[in-house]
Structures are given as C-alpha cells and as structure tokens.
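# Here you go, sequence then predicted model.
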Amino acid sequence: MINESLPFVLITGSSGFLGQAITNRLKRRYRVIGFDLLNARQAAKETETIPVDLTSDDSVTKAVEEVRQRGNGRIASVIHLAAYYDTTGQDNPKYEAVTVQGTRRLLSALKALETEQFVFSSTLLVHAPSPEKGVRIDEESALDPTWAYPKSKAETEALIARERGNIKTVILRLAGVYDEDCRAAFIAQQIARIFERRPTAYLFTGDLESGQPYLHRDDLVDAVVRTVDRRAELPDETVLLVGEEETLSYEEMQKRIGRLVHDEEWRTLSLPKGLTKAGSWFQTEVLDEDTDIQPWMIENSDDHYEIDASRARRLLGWQPRHGLGETLAEMIRRLKADPTDWYEKNKLHPAAVAASGPELVQARRRIAGPLERNEAEVDAGLEQHRYRTLWAPLTNAVLGLWLISSPMILGLFDPVSVAPPPALGHEIDEANIRNLRLGVSEIVSGLLVAIFALLGMYRRWNWVQWVTAAVGVWIMLAPLVFWTTSAAAYGIDTLIGMLIVAFAVMIPPIPGISRRALAADDDRPMGWSYSPSSFTQRIPIVALAFVGLFVSRYLAAYQMGHIDGLWDPFFGSGDAPVANGSEAVVTSWVSKGFPIADAGFGAFAYALDILAGAIGDRRRWRTMPWMVFLFGLLIIPLGVTSVFFIIIQPLLIGALCTLCIVQAAVTVALIPYSIDEVLATVQYLWRATKAGEPFWRTFWKGGPALSENQTPAPDLDRPATRLLRDFVIGGVNYPWTLAASVALGILLLATPPIFGTEPPLYFSDHVLGCLIIMVAVTAMAEVARPVRFLNVPFGLAVAASPFVFEGGTPIGTAAAVIIGVALTGLSLPRGTRSEEHYGGWDRAII
C-alpha cells in the first residue's frame, strides 16, 4: 500500500543494481518513484516506475508531468543514477546524449516542480590521480578526467552548476562500487583471470603499487540516504568524495586473490607499457580477439588514488562500515560455491567456468541423489515407445524374407560371362562363383535378419537389435567383397542394408542406453549455449553424406564393371588407355591395390556416415558417446584420406579425377560440422568421470545430465527461416579470412593453366593447395578455429617454393610470393565469432 503523505523521492535508473538497493532503503520513509527505460530490468517490489527515455525531451517532460499529477508538485530529492557507461574507453555519442544532455533535460523539466534537492552520482575519476603515494585528494583537488566515462561525468557536473536554478545540488564522487558478489567490473575481471589461470593473470603494465579506492554498496546506500535525510542542512551546492580511505595496490590485490582462490603466493610480472600496447594491438587488430585489457587502461595503469572522505563524515555523519580487503574473502567464497552464478552476476561468460572444479562438485552431489525421472518412469516411457514402433522389427522381418528370395529374382544363380572388373588388381574367382557366394550370403543374411528382428521384439532381448543392425551392415558390404556382376544386387543391398539398420536401432528405443542417461531431457553440455547433437546440426552432415554416397556409388559402378564409362568434363587420361581422368584414376595401380573397389568402400563409409549421423536424439553426445566417436572417426579420417588421394593423383598417377575432387570436397565439408559434437562428448566423458561416473560404462551406455535447471530448446519445430540459418551456420561460420584462404588454395591447384607452372613446382602447389583448403575449411568450425595457424607455415612454404623447385615462370614466382604472404596474413586473425559458447573451450578459440 502506497502512503501518499510521504515525501517524494525520484530515482533515475531505479531498476539497476544501485537503484534497487537505494529504493529499498528509502521507501521505508519516502514515497519512491522510479524513472527507467521501458524495457529495463525488474523494478524493486512495490515501487512506482515511470518509463522514460532521457534522450527525448518529450519523454522526459511527460514523465515529470506524471510525477506532478501523482503528488502535490513537490519533490524532496531527485537521485540521478542513470548514465551511459562502457569499458572500451572510446568516446561514444551516448555519453553526450544520455549522461550530459539527459541530465540537462531532466533538470529543465524539474524546474516546473518544487524540487528541494538534486543528487548526481559522479565518479572520483574526474580528479587527477594522487601526486604521490600517501597523498590524499579531496573535493578541492584538481580535475583531470582521462577517458570518456569520467569526462562525461565532469561535463555533467559543470552543466548542473550552470543549470540548477534554485535546486540544491549534491555531487557524489563515488569510488568503484562492490558487494559480496563483487559487481565491480575491474575487480571481477581480475578475479576471473586468476581463477581461470589465464596468462594475463600473471602480467601487469605499469606500477604494481598503484591502486584505486572502492566503496561497498551498502555504504553507498547509507551515504545517499543520509544525503536525502539532511537535504535541508546541506549547502546549496555540495560536492562529496565517497569511498574507503584504504587503497589496496594492484599487487596486493593479486596476492590476496591468489591466496584466497588457489591458496598460493601469486607472482605478477610488470611489463613495459609499449610492449603491452603492442600485445593488445596484435590481439585485437591482428588476431581479431576480444580482450578485457583496453588501451586506455594501459595508458592509465600508473594512476594511483587515495582519497580524503572527511567532508562526507562532517556533513553526513557517514563512515564506511565495510572494507574491500575484508570483503574479498566472501567474494571468493561465493565464486567457489557457484562459479557460473558468480560469473553471470558479474556479466562474465559463465561458459568459461561451467566445468570448473566447484561446478563438478555440485554436479556430483546432484547426480548422487534422485534424478529427474526414476527408473520406473524411464521404463514406462521406453515401453510406450516400444509398443508404438513394433512395426519396425516386423518390417525388418519382411525385408529379410525379401533378401531370401532376391538371389532367384536377380539371377545370382544363373550362369554369366563378363569381363573382369576394370579396377580389379588381383586374382578372383569366376563371375558365376562370385555371384553364387553373394546369393548364399543374401539367403543366410535374410534368414538371420528375420530371426533376430523378431527376437528383438521381446523386451528382455532388445539388445539383439544391434545384431540385426550388424547383419544390415554386412549386407551393404557383401556385394563389394564378392565383386558381384549384378548392378541390381549391389543397388538393392545398399538400400536394404541401410533400411535394416534404421528399422533395427534408429526407430525403436535404442538398446543399451542406461536409465541414468535417459532420466533427464537436458540436451546442452555444461557451459554450451546449444546442443551439438540437435537435428539442425546433423541434417547438413547427412545431406552432404548423401551427395558423397551418390558420387561414390557412380564411381564404384564403373570400377565393378556395371557401367561402361565415367563422365569427366575437365581432365584427360594422361598415359592411361581410358577415356578421361576419372577413369584413369579409379583404375590406377593405387585403386587396384585395394582388395575391394575403393570407391565402393567410400560409398559404404558414406552410408555409415548417414546412419551414424541420423541415429539418436539431441542428447546423444551424453547418451551415446561411443556412437559420436564412431561418427567422428568415420568423417575426419575419411576426409583426410580423400584429400590424400587427391594429393597423390597428379604425383603418382599422372591424372586428375573431377568426380574424386567433388567427393573430397564433400568429405572435407563434413569435418567442421562434426567436430563440435565430438568435442562435447570428450568434455562430457571427462566431466562425468570427475563427477564420479565410471568411464567405460558412460562411454558405452551414456550417463546422467550434469547441468542444472535446463529446459531443452526447440529443434525442428521452429520457423523455416531459422532452421535454414542453423542448417548453414550451426557450430560453424565463414570468416572472410578463411573463405579467402580457401580461394587461394584453389588458385594454387590451378597454377598450370593460369601461370604456366610445371612440375615439380606444380606438384608443390598442388600438395600445398589441398592442405591449405582442408585446414581453412576445418577452421570454419569455431571450436577448431586455432587449426588455421597451420596455414602460416604452409603459406611460407608457398612463398619459398619457386626458389626451391624448378618449373616456375616469372609471373608464377611473383604470384607464389604474393599468395604465400597473403595466406600467412589471412591465417592470423581469428575472424568473426558467433555468440555461442562451448563450455570453457571458448578460451581456446583464439
């Protein structure tokens, strides 16, 4: 209930950290009205809040008029906290628009009311630093603000003196404000650096003995309340320095924080300012990284402040009751108790400490108790899922019966006379024998699929579903092993084998996942801002794998003799007696060295990619770690192998294959989309082990959610535009520097027609071009961004290659030097970062 007889106090910025604290103290004896932005944070309870935009004359006038209508036109005090602030140190138009002109608008509007007092929150940084250690500054000391924020405060102080009219004014020049949760930006960053043991935690530029005083929030509130209470006694214009008179040096803060956080004596090295500026410039401008060390901080690192707060004691009867040195222990205790909560309160990235020791201790306690769902609830959900999907094993039984009959339908037992497969490099049995063996395999495999599919329907034997899936995998591989002459058998077995795997372990409840893993719906790893196993993450991988499957199947069809030729619009066959480069490559001595058609094995691997990419839900990074590892092993080594095969084609085979290049491009494109899920799984296994879960049980059967209070975000049930966006940039992005690196790699592959380069220099360009493209594409995954540094030595090698190998031309030599230097420069900046977080891995994205 609002008591309308109480004196009015108006607070701007009333929903902020300080505004709410002051409001809660004043509302006991005053009627407090808050001024804040329309979209400001939650206001203090039972506080009247009027939305206002200080950059608008009309908005301020209307807000003050509303205050007049709510009361009798008399305001005891206006506490002006609202202002613009950032830590960049650079001038921003908002300083003038909000802090300076916003105050002018407010003062002008208040003249229409009977306003007793106007209190402005300024900063002690408007003063010049103490001339030497032990010398305190007071309210009469010289003003010399050195960066944008204190400059805006000094300008506003001067404006208030000019524009106040008959309103009494109090300028509170405040020290940095903190509380038991810290809340002081620079102290929070200092503590975080030491807590995370960042390299910068051991370094400082300037005088280690310098420091600044601070002020506890409760002491600030007490000073403001006393200022309002004594408004009649204070002079018409009052300036007060408000802060603690003890100033801890940076070195002393480092030592105290080090002891409290790590129980060790923290050593800090002071660096020359020039070196620090160069390092900061290189980090921000060259590497394009974020840093909490700004140039203005380096410039002012020697500034030391000690204050004389005797005027506040004399006029207000105010004395600080807290000290930063004593409060540090409680700050660190709260940090250790809940690092992510502490980071969030201090506007730091909680992801950086989401898997820190204290968080894992909390996770251990959580998972030792009752989980979100008990075993009975999990079993009930699984049973319901099983009943809804009983059609899947029945379908597999039907597919098994189809396989039993397929040898007769496809004529696998009929006599046939065909030439040996073009890619065959060893002795094999006659075509009739090979087809006979495949036919027998089809009959036996079909019988096994039918039996195991039906057995797997029994709840206690659901593990048999994996046996059914294994038979499905063999069905996909068998035509290659037996070098069948039947294109139909090969095509049908590929399709049927994939369907059997899908109906066995993808549609029904996946067997083998522990109840503990299924007890919660949490789908984001600790500290991650998204699930790397979401379908929006995996669909692009599956789609690309289908492209790779189709290309490989086409190449394999020629290798096995199912078609008479291959299409290749660009490359000739060299010395090989075939029609083009694609035919020359897939029938080369390299391909013939494999026991089965290597393109067919690639198609088999792509089929496994599709199946491994589609299985499981968006929690599989913790419910099926082994599957994620298998998925990663299928993609990453396959990508490296594909690139290696492209590398050796001109060197060892003397020809190039257009379709092989397409296949390699698809395979390399899969890598950045899959790395984040593998990383999340590695992180989870390590953290789960630290939290007390057995490693191998977790690896094979999954484990419980370690995060707390997590609600799964929508996945495919979102607008189409958002889905398309996430399909393209989920976990990856495309900085222009990496895109340009890929373009330079492609240019290196084309140096013969463009620059007239010949072997052996062309071979060097070809090898380096392939490696550069693979590195740049891999680095497009944010979690793999540091991989780009491999292109620095590759770029230097490109620049040096014309002077090492023969075969160059003058224009080619100049181009190689330019390309190499450009590639080296492009590999240094990190590139644009998304807003995603990766559970502490953010720091590795340099």
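Structure's in. What do you need? Numbers count the residues shown, from 1 in each chain.

# From here on, just use CA atoms for contacts and neighbour counts.
Noted.

# Ser77 - nearest residue in space that isn't next to it in sequence?
Counting by C-alpha to C-alpha, 6 or more residues apart in numbering, Ser77 lies nearest to Gln117, which is 4.5 Å off, once chain neighbours are set aside.

# And for Leu544?
Closest to Leu544 by C-alpha to C-alpha, 6+ apart is Val666, at 6.2 Å.

# Surely the one you found and Ala543 touch.
No. Val666 lies out of contact with Ala543 (C-alpha atoms under 8 Å); the separation is 10.0 Å.

# Can you list the low-confidence ranges for the protein?
1-4, 38-46, 273-300, 709 (pLDDT under 70).

# The same query, at a cut-off of 50, please.
Low-confidence segments of the chain (pLDDT under 50): 1, 41, 43-44.

# ok so, going back, what kind of secondary structure is the residue nearest to Leu544 in?
Recorded secondary structure, Val666: helix (DSSP: H, G, I helix; E, B strand; the rest coil).

# check contacts around it.
Leu544, Ala545, Val547, Gly548 (C-alpha atoms under 8 Å, 6 or more residues apart in numbering).

# how many other residues sit next to the first one?
The tally of other residues near Leu544 (other C-alpha atoms under 10 Å) stands at 19.

# what does the second one give?
Ala545 is flanked by 27 other residues according to other C-alpha under 10 Å.

# mind checking which helix or strand it is in?
helix 535-559 (DSSP states H and E).

# Distance check, the residue nearest to Ser77 against Ala21.
20 Å (C-alpha to C-alpha, to the nearest Å).

# Please tell me I have it right and Gly602 contacts Phe550.
No. In this structure Gly602 lies outside contact range of Phe550 using C-alpha under 8 Å: 10.4 Å.

# now the strands for the chain?
Assigned by DSSP state E, the strands in the chain fall at 8-12, 31-36, 48-51, 74-75, 77-80, 114-115, 117-123, 168-174, 176-178, 203-205, 214-216, 237-242, 269-271.

# The ones you listed into a markdown table, with extra columns for distance to Thr484 and mean neighbour count?
Below are the strands of the chain laid out as a markdown table (distance: least, C-alpha to C-alpha, whole Å; neighbours: other C-alpha atoms under 10 Å):
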| stretch | distance to Thr484 | mean neighbour count |
| --- | --- | --- |
| strand 8-12 | 82 | 24 |
| strand 31-36 | 77 | 25 |
| strand 48-51 | 78 | 18 |
| strand 74-75 | 94 | 19 |
| strand 77-80 | 85 | 24 |
| strand 114-115 | 96 | 18 |
| strand 117-123 | 84 | 22 |
| strand 168-174 | 85 | 22 |
| strand 176-178 | 77 | 22 |
| strand 203-205 | 68 | 18 |
| strand 214-216 | 81 | 24 |
| strand 237-242 | 89 | 21 |
| strand 269-271 | 71 | 14 |
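
# Nearest to Leu477, out of those?
Among the strands of the chain, the nearest to Leu477 by C-alpha to C-alpha is strand 203-205 (59.0 Å).

# Can you name every helix or strand that the closest one contacts?
strand 269-271 (3 or more C-alpha pairs under 8 Å, 6 or more residues apart in numbering; DSSP states H and E).

# What pairs with the strand it packs on, parallel or antiparallel?
strand 203-205 (parallel) (DSSP bridges).

# And Phe763, how close does it get to Gly756?
13 Å.

# More neighbours: which of these two?
Neighbours were counted for Phe763 and for Gly756 using other C-alpha under 10 Å; Phe763 has more, 20 against 15.

# The more buried one reaches Pro650, doesn't it?
Yes. Proximity of Phe763 to Pro650 meets the contact threshold set by C-alpha under 8 Å, at 7.3 Å.

# re the thing from before, put together CSV for the strands of the chain, with distance to Arg516 on each row.
What follows is those, written out as CSV (distance: least, C-alpha to C-alpha, whole Å):
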stretch, distance to Arg516
strand 8-12, 51
strand 31-36, 47
strand 48-51, 48
strand 74-75, 61
strand 77-80, 54
strand 114-115, 64
strand 117-123, 54
strand 168-174, 53
strand 176-178, 42
strand 203-205, 45
strand 214-216, 45
strand 237-242, 55
strand 269-271, 48
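
# Out of these, flag the one nearest Ile675.
Using C-alpha to C-alpha, the strands of the chain put strand 203-205 closest to Ile675, at 33.4 Å.

# since we're on Val575, how many residues are nearby?
One thing to correct before we go on: residue 575 is Asp, not Val. 11.

# what's the answer for Val221, then?
19.

# Report the contact partners of it.
Listed by C-alpha under 8 Å, 6+ apart, the contact partners of Val221 are Leu18, Ala21, Ile22, Arg25.

# 10 Å instead?
Going by C-alpha atoms under 10 Å, 6 or more residues apart in numbering, Val221 touches Leu18, Gly19, Ala21, Ile22, Thr23, Asn24, Arg25, Leu26, Thr227.

# Most neighbours of all those, which one?
Going by other C-alpha under 10 Å, Thr23 tops the contacts of Val221 with 27 neighbours.

# follow-up on the earlier one: out of the strands of the chain, nearest to Tyr149?
strand 117-123 (9.0 Å).

# could you give the angle of that closest one to strand 237-242?
Put simply, strand 117-123 runs at 40 degrees to strand 237-242, going by axes from the mean of the first three to the mean of the last three C-alpha atoms, to 10 degrees.

# Spell out, range by range, the helices that occur in the stretch 701-846 of the chain.
720-729, 736-749, 751-755, 761-778, 791-800, 810-826 (DSSP state H, counting those that start in this stretch).

# what about these, which gets the closest to Ala489?
Comparing the helices of the stretch 701-846 of the chain by C-alpha to C-alpha, helix 720-729 comes nearest, at 34.6 Å.
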